[in-house]
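below are the sequence and a predicted model for it; my questions follow.
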Amino acid sequence: MDNRLTPEFQNAAIEDALHTYPLAGMPRDLTMSIMAHIQNVPAPRLFRVTWNDFVIALVLSLCISAVWFSMQNLPPLLLAQIRMQSILFYQGLIVNSRWLIPTLSFGLAAFFSALTIPYFRHKLVR
């Protein structure tokens, strides 16, 4: 099927229709009813606190206070063991991190190329 109406002819036909057809008058009661609706709509509240917000704040404050209370009441030997384990964990990360920088670099390069290759392919095909 041959489409003889090219985009240029379509635009020309639309422009011709817009310029030649007469404009219809707007009903007078339309503006009054629209203005009545605009004036009766209440302004939205800027900030609203719901019960969910209070519940989330309560749960978070209870969790933080439980962690603080437990840290204050742990035996000194257990605190020393926790401190020792955190130091060992940190040292293990530092010693084994020599593979981390190249892995992160190649991973970020692969991620960014995966983002840009489809865009460039689309631009080159057109």
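Received, thanks.

output the worst-scoring helix or strand of the chain on mean pLDDT as CSV, nothing but the C-alphas.
Of the helices and strands making up the chain, the lowest-confidence element is helix 28-40, at a mean of 71, by mean pLDDT, DSSP states H and E. Extracted as CSV, the C-alpha positions of helix 28-40 are listed here (Å, rounded to 0.1, in the frame of the first residue of the first chain):
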residue,chain,number,x,y,z
ARG,A,28,-20.8,32.1,28.1
ASP,A,29,-21.7,29.9,31.0
LEU,A,30,-18.5,27.8,30.6
THR,A,31,-16.2,30.4,32.1
MET,A,32,-18.5,31.1,35.0
SER,A,33,-18.8,27.4,36.0
ILE,A,34,-15.0,26.9,35.7
MET,A,35,-14.3,30.0,37.8
ALA,A,36,-16.8,28.7,40.4
HIS,A,37,-15.0,25.4,40.6
ILE,A,38,-11.6,27.1,40.9
GLN,A,39,-12.8,29.3,43.7
ASN,A,40,-14.4,26.4,45.7
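
which SSE is immediately downstream of it?
helix 51-73 (DSSP states H and E).

contacts for that next one?
The contact list for helix 51-73, computed with C-beta atoms under 8 Å, 6 or more residues apart in numbering, reads residue 79. Bear in mind the C-beta positions are built from the backbone N, C-alpha and C, glycine included.

so after that helix, what's the next helix or strand?
helix 76-95.

now the angle between helix 76-95 and the next helix or strand after that next one, please.
Scanning forward in sequence from helix 76-95 by DSSP H and E, the next helix or strand is helix 100-125. Per axes from the mean of the first three to the mean of the last three C-alpha atoms, to 10 degrees, the angle that helix 100-125 makes with helix 76-95 is 50 degrees.

got the buried residues for helix 100-125?
By neighbour count with 16 or more other C-beta atoms under 10 Å, helix 100-125 contains no buried residues.

hang on, the earlier thing: buried set for the least confident helix or strand of the chain?
For helix 28-40, using 16+ other C-beta under 10 Å, no residue counts as buried.
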